[in-house]
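Novice: What follows is a protein structure lacking sequence information:
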């Protein structure tokens, strides 16, 4: 099977973010791969996501892709139940939602298993998901 075309999605509103959320559902994230660049108003999350296109098309086994999720224009970043002292722990990203408060601003909420969450207060929603390659070591059980 040929390698997938790298996915690159941009979200500028809640509907766009719902599409990105579907692609990152069940992604694995390590706390060490969550980078908050306060001076740049940017949060970058490295993740290992399921290749949903291959899975849904009936591929023999599930494949994982290395990807980057980036949020720009972030004013504040707060976490709950994410232990930054255990940087190699694996978090499971369940989904992402956007809550508008002072348009075009609001909060993006990244929800993880076991009650973990990141809340990003943003000037406006600017999010990008970019695939970086296939995780040869991260083949998920089919």
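Specialist: Yes, it's here. Owing to the predicted nature of the structure, the values given are computational and were not obtained by experimental measurement. Numbers count the residues shown, from 1 in each chain.

Novice: just the strands in this protein please.
Specialist: With DSSP state E as the criterion, the chain has strands at 8-11, 27-29, 34-37, 42-50, 64-72, 74-80, 91-100, 106-112, 117-122, 127-134.

Novice: For the longest one, could you pull out the residues that count as buried?
Specialist: By neighbour count with 16 or more other CB atoms under 10 Å, strand 91-100 contains the buried residues 91, 93, 94, 95, 96, 98. Where C-beta positions appear, they are placed from N, C-alpha and C, glycine not excepted.

Novice: packing partners for that strand?
Specialist: On a contact count with 3 or more CB pairs under 8 Å, 6 or more residues apart in numbering; DSSP states H and E, strand 91-100 meets helix 14-24, strand 27-29, strand 106-112.

Novice: can you list the strands of the chain in JSON lines and add distance to residue 19 and mean pLDDT?
Specialist: Putting these into JSON lines (distance: least, CB to CB, whole Å; pLDDT from 0 to 100) gives the following:
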{"stretch": "strand 8-11", "distance to residue 19": "6", "mean pLDDT": "98"}
{"stretch": "strand 27-29", "distance to residue 19": "14", "mean pLDDT": "97"}
{"stretch": "strand 34-37", "distance to residue 19": "22", "mean pLDDT": "97"}
{"stretch": "strand 42-50", "distance to residue 19": "13", "mean pLDDT": "97"}
{"stretch": "strand 64-72", "distance to residue 19": "13", "mean pLDDT": "97"}
{"stretch": "strand 74-80", "distance to residue 19": "20", "mean pLDDT": "97"}
{"stretch": "strand 91-100", "distance to residue 19": "10", "mean pLDDT": "98"}
{"stretch": "strand 106-112", "distance to residue 19": "14", "mean pLDDT": "98"}
{"stretch": "strand 117-122", "distance to residue 19": "18", "mean pLDDT": "98"}
{"stretch": "strand 127-134", "distance to residue 19": "9", "mean pLDDT": "95"}
